[in-house]
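S.K.: what follows is a protein structure lacking sequence information:
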């Protein structure tokens, strides 16, 4: 039974570099031609061709080497599914310098704990992103989408609708906008009350 080291590295965006992860895997003993990568794929995206190739390359007795667990999976269900697959095939998982056997009770426990922390970290990042956007929006740095119609066009749409001569569909076609946009515009514009001159 062989113990071939198969490496896997991933970065989330095209602007990130995989060089540091590749170097770390080589230092851990993985041959450069045994390293599989995904570039521009998030950890929550399970459809990762590089990971699929790495999992297809490992055999009974081999070890899948990953720099960090969050490079492999960013959720407990995903990590557990990969762990179950490794267990069924008799493959160990090495995270940096620590080797874990998913088939061993202690290894399986440690794997699940690490996966929980990886998911927690991903949730924290999403929370910080939402908080940052909320602060930026409060400071006026983030604005919603610009209205499809100018103020003048919105007022004209309201006026035309109030005449009763135009339906929602008519207005959508005339202004080249969708029906929901017509409804939103009407909701923002107050009804124009016609002022009728009193007879002399």
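M.R.: Done, it's in. Bear in mind the structure is a predicted one, so any value in this text is a computation, not a measurement.
S.K.: for the biggest strand by length in the chain, what does the pLDDT average out to?
M.R.: Counting residues, the longest strand in the chain under DSSP state E turns out to be strand 5-11. The average pLDDT within strand 5-11 is 92.
S.K.: and stretch 172-192, by the same measure?
M.R.: Here the average pLDDT along stretch 172-192 is 84.
S.K.: neighbouring contacts of that stretch?
M.R.: Here stretch 172-192 makes contact (Cβ atoms under 8 Å, 6 or more residues apart in numbering) with 147-149, 153-155, 157-162, 166, 168-169, 171. For every residue, glycine as well, the C-beta is placed using N, CA and C.
S.K.: circling back to that earlier point, show me what the longest strand of the chain is packed against.
M.R.: helix 19-27, strand 35-39, helix 49-57, strand 63-66, helix 69-72 (3 or more Cβ pairs under 8 Å, 6 or more residues apart in numbering; DSSP states H and E).
S.K.: cutoff 10 Å now
M.R.: Using 3 or more Cβ pairs under 10 Å, 6 or more residues apart in numbering; DSSP states H and E, the elements in contact with strand 5-11 are helix 19-27, strand 35-39, helix 49-57, strand 63-66, helix 69-72, strand 92-95.
S.K.: mean pLDDT lowest for which of these?
M.R.: Looking at the helices and strands packed on strand 5-11, the weakest mean confidence is helix 69-72, a mean of 80.
S.K.: by contact count, what packs against it?
M.R.: strand 5-11, helix 49-57, helix 76-88, strand 92-95, helix 105-138.
S.K.: do that again at 6 Å, thanks
M.R.: helix 105-138 (3 or more Cβ pairs under 6 Å, 6 or more residues apart in numbering; DSSP states H and E).
S.K.: quick one, the helix it packs on and helix 76-88 angle?
M.R.: 150 degrees (axes from the mean of the first three to the mean of the last three Cα atoms, to 10 degrees).
S.K.: which SSE is immediately downstream of helix 105-138?
M.R.: Along the chain past helix 105-138, the next helix or strand (assigned with DSSP states H and E) turns out to be helix 151-162.
S.K.: re earlier: most packed of the helices and strands packed on strand 5-11?
M.R.: strand 63-66 (a mean of 25; mean count of other Cβ atoms under 10 Å).
S.K.: ok, and what's touching that strand?
M.R.: The contact list for strand 63-66 (Cβ atoms under 6 Å, 6 or more residues apart in numbering) reads 5-8, 25, 28, 30, 58, 72, 91-95.
S.K.: out of those residues, the closest to residue 18 would be?
M.R.: residue 25 (9.8 Å; Cβ to Cβ).
S.K.: how close does the residue nearest to that closest one when sequence neighbours are not counted sit to residue 104?
M.R.: Spatially, and ignoring its direct neighbours in sequence, residue 25 is nearest to residue 7 (3.9 Å; Cβ to Cβ, 6 or more residues apart in numbering). Residue 7 sits 22 Å away from residue 104, going by Cβ to Cβ, to the nearest Å.
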